[in-house]
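K.L.:
Below is the structure, and that's it, no one-letter string:
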């Protein structure tokens, strides 16, 4: 498999054409500063160069195509077609303060089989290439959106796809997207070898660990990956990450009614995070209300709001940094994988 990104390939192609080095910068400026997606419209480049680029790379810098979209006041969900007629989705969130956040996919489907996840019900079709990952953001950028915050929390387990690391290089490359690594968040269920790679290669990128149960046996039932990378081993790896980077680690906790929302669960989460040494204060729990519309292998109920508050207060009183995550786009089924499921089920003709 070719691991070169299209930007690296274009740079090499321009060199082979005998073009001066500044041609590549002219092209990237056209894309990232002038929001031009079609090579023909990059009139700063000589016509002969544009024609050669079109012959090899196609008419458009984007290699994915939007095919289905849903929007509400603060949320825009887009389903993209990728090569092989597969589909992936990305979500844009607009906060009332004016800044924008994006949730992007790293795999088409997911093979880890978490019981509460709609994407897991699809199964793993394939890993995305670095270009397919970054093109989700390029689509929004070209349409005038500000890439203020990016989360690898869409379809797929980010750290099960090594192309995510090439995508991070593209996103932080000052000549391309030029994003600060601190604007980026990678979410994982606990793939230990690639958490360590994050620590060494991208120490400033934010890391989120999907916990969802503090009890090993129950976590294995909900998330089979726990049998391969146990909770204790993952937590030890996250401790090392914090010690090396000095950065916060976020703990995602989806609350499932009658499953993991009891006071005993709250106390166990607190115990898990307490006494982790001098760096323990850098763990931060995000409580997430479950979206009951999700087409997951198992169906769960939405936790009663009183239990959400009880859980929050228990963690807070134990000295744990905790936030209740805001909900967006409930009216358009905001859960990752939901748009894909609707598209496949309904064979909708609502193309954009």
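P.N.:
All right, it came through fine. Not measured: the values here are computed from a predicted model.
K.L.:
can you pull out the helices in the stretch 1-150 of the chain?
P.N.:
6-16, 22-32, 47-57, 118-122, 130-142 (DSSP state H, counting those that start in this stretch).
K.L.:
Which one of the ones you listed lies nearest to residue 97?
P.N.:
helix 130-142 (18.1 Å; CB to CB). All C-beta atoms are positioned from the backbone trio N, CA, C, and that covers glycine.
K.L.:
Average pLDDT for the closest one, rounded please.
P.N.:
The pLDDT scores in helix 130-142 average 97.
K.L.:
For that helix, give me every contacting residue.
P.N.:
Contacts to helix 130-142, defined as CB atoms under 8 Å, 6 or more residues apart in numbering, come from residues 3, 5-6, 31-32, 35-37, 61-64, 66, 78, 80, 82-83, 88, 90, 92, 100, 102, 104-106, 147, 150, 154, 163-164, 166-167, 169-171, 177.
K.L.:
how far off helix 22-32 does it point, in degrees?
P.N.:
In terms of direction (axes from the mean of the first three to the mean of the last three CA atoms, to 10 degrees), helix 130-142 departs from helix 22-32 by 60 degrees.
K.L.:
need the longest helix for the chain.
P.N.:
Determined from DSSP state H, the single longest helix within the chain is helix 231-245.
K.L.:
and the closest residue to residue 307 other than its chain neighbours, what element?
P.N.:
Take residue 307 and drop its neighbours on the chain: the residue closest to it by CB to CB, 6 or more residues apart in numbering is residue 261, 4.8 Å away. Assigned by DSSP states H and E, residue 261 falls within no helix or strand.
K.L.:
Show the contacting residues for residue 261.
P.N.:
255, 303, 307, 308, 311.
K.L.:
do that again at 10 Å, thanks
P.N.:
253-255, 287, 290, 300-304, 307-308, 310-311 (CB atoms under 10 Å, 6 or more residues apart in numbering).
K.L.:
same thing with residue 111?
P.N.:
By CB under 10 Å, 6+ apart, the neighbours of residue 111 are 119, 120, 122, 123, 124, 125, 126, 127, 156, 157, 160, 225.
K.L.:
give me the number of residues near the last one?
P.N.:
By that I understand residue 225. Close neighbours of residue 225, defined as other CB atoms under 10 Å, add up to 22.
K.L.:
repeat for the third one
P.N.:
Close neighbours of residue 122, defined as other CB under 10 Å, add up to 21.
K.L.:
Now it: closest residue in space that isn't a chain neighbour?
P.N.:
Nearest one to residue 122, counting by CB to CB, 6+ apart, is residue 109 at 3.8 Å.
K.L.:
next one: the fourth one
P.N.:
By the measure of CB to CB, 6+ apart, the closest residue to residue 123 outside its immediate chain neighbours is residue 109, 5.2 Å from it.
K.L.:
these two touch, right, that neighbour and residue 120?
P.N.:
Yes: between residue 109 and residue 120 there is a contact at 8.0 Å, judged by CB atoms under 10 Å.
K.L.:
Comparing those two, which residue is more hemmed in?
P.N.:
Higher neighbour count among residue 109 and residue 120: residue 120, with 23 against 20, using other CB under 10 Å.
K.L.:
I'd say the more buried one and residue 112 touch.
P.N.:
Yes: Residue 120 is in contact with residue 112 according to CB under 10 Å; the separation is 6.2 Å.
K.L.:
residues shared between the contacts of the two?
P.N.:
Counting by CB under 10 Å, 6+ apart, the residues touching both residue 120 and residue 112 are 156, 157, 223, 224.
K.L.:
and the last one, how far is that from residue 110?
P.N.:
Using CB to CB, to the nearest Å, one obtains 12 Å as the distance from residue 224 to residue 110.
K.L.:
and what of residue 287?
P.N.:
23 Å.
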